[in-house]
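**Q** my questions concern the predicted model and sequence given below.
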Amino acid sequence: MRVISGILKGKQLKIPKNIKVRPTTDQSKEALFNILNNRLDFNKINVLDLFSGTGSISFEFSSRGAKTIYSIDKNYSSIKFIKSFSYENNLNINAIKADIFKSTLQFDIRFDIIFADPPYSNKDEYYRELISILRKKLDHSKGSLLILEHPETIIFKNDKTILEKRKYGGCSFTFFVL
């Protein structure tokens with residue numbers, strides 16, 4: 001696993017063994033950021049990375065110059081690694097240990113991009129509940145872009161807030177208006 005572009009281009013991530021997650025693959029991450037690179041000025045965006053795990057997505061946004069990044073995960077080891085890597089590489093990432101489903105975590109900042117890569121589930125309801133929670137908790141970010149990573153077996157039907165869907169290998173990215 002590595003940082004694909006920006007000031008840390010090519011930097012390898014040495015993920016501790018105690019972080020048990022399913023990270024976004026380099027191939028999927030590269031495809032996602034190729035899409036975003038053509039649409040965004042990274043220097044002007046605020047990013048919220050939910051279920052951040054290894055921090056790979058946060059590191060990529062920071063390496064490309066995103067203005068502010070909040071990285072949220074409920075796993076202490078993940079947050080510790082993200083803080084350590086960010087400090088060592090002078091990245092502007094605010095890592096917070098929290099469970100988005102249970103916490104009262106609220107932000108005064110407006111996020112332009114919300115990236116969510118929750119633990120995979122085969123139940124549509126799980127993802128619909130997550131989207132509903134995010135819409136309530138991220139009231140300051142109405143109209144922002146929500147990118148949800150999920151198994152390709154999950155299909156969102158009749159959702160008028162979907163902008164785009166992309167499949168890469170066994171995973172899908174669905175782009176919503178929050």
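**A** Now that the structure is in, tell me what you want to look at.

**Q** helix, strand, or coil at the closest residue to Ala95 other than its chain neighbours?
**A** Using Cβ to Cβ, 6 or more residues apart in numbering and skipping the chain neighbours, the partner closest in space to Ala95 is Ile82 (4.2 Å). Glycine gets a C-beta too; all of them are placed from N, C-alpha and C. Using DSSP: H, G, I helix; E, B strand; the rest coil, the structure places Ile82 in helix.

**Q** who's in contact with Ile82?
**A** 52, 54-55, 58, 71, 73, 93, 95 (Cβ atoms under 8 Å, 6 or more residues apart in numbering).

**Q** try Ile114
**A** 47-48, 50, 134, 138, 141, 144-147, 178.

**Q** again, only this time at 10 Å
**A** 46-50, 70, 134, 138, 141, 144-148, 176, 178 (Cβ atoms under 10 Å, 6 or more residues apart in numbering).

**Q** ditto for Ile109
**A** 46, 48, 67-68, 70, 94, 138, 140-141.

**Q** of these, which is the most crowded?
**A** Leu48 (26 neighbours; other Cβ atoms under 10 Å).

**Q** in a strand, that's where that one is, yeah?
**A** Yes. If the criterion is three-state DSSP, then Leu48 is within a strand.

**Q** so which of the contacts of Ile109 is the closest to Lys29?
**A** Leu48 (16.9 Å; Cβ to Cβ).

**Q** mind telling me what element Asn94 is part of?
**A** strand 93-97 (DSSP states H and E).

**Q** how about that strand: buried residues?
**A** Of all the residues in strand 93-97, those buried under the rule 16 or more other Cβ atoms under 10 Å are 93, 95-97.

**Q** the very next helix or strand once past that strand: how far from the chain's middle?
**A** Stepping forward along the backbone from strand 93-97, the first helix or strand reached (DSSP H and E) is strand 113-116. The chain centre lies 5 Å from the centre of strand 113-116; the measure is Cα atoms, centre = their mean, to the nearest Å.

**Q** what mean pLDDT does strand 113-116 get?
**A** In this model, strand 113-116 carries a mean pLDDT of 97.

**Q** what lines up beside that strand in the sheet?
**A** strand 46-50 (parallel), strand 145-151 (parallel) (DSSP bridges).
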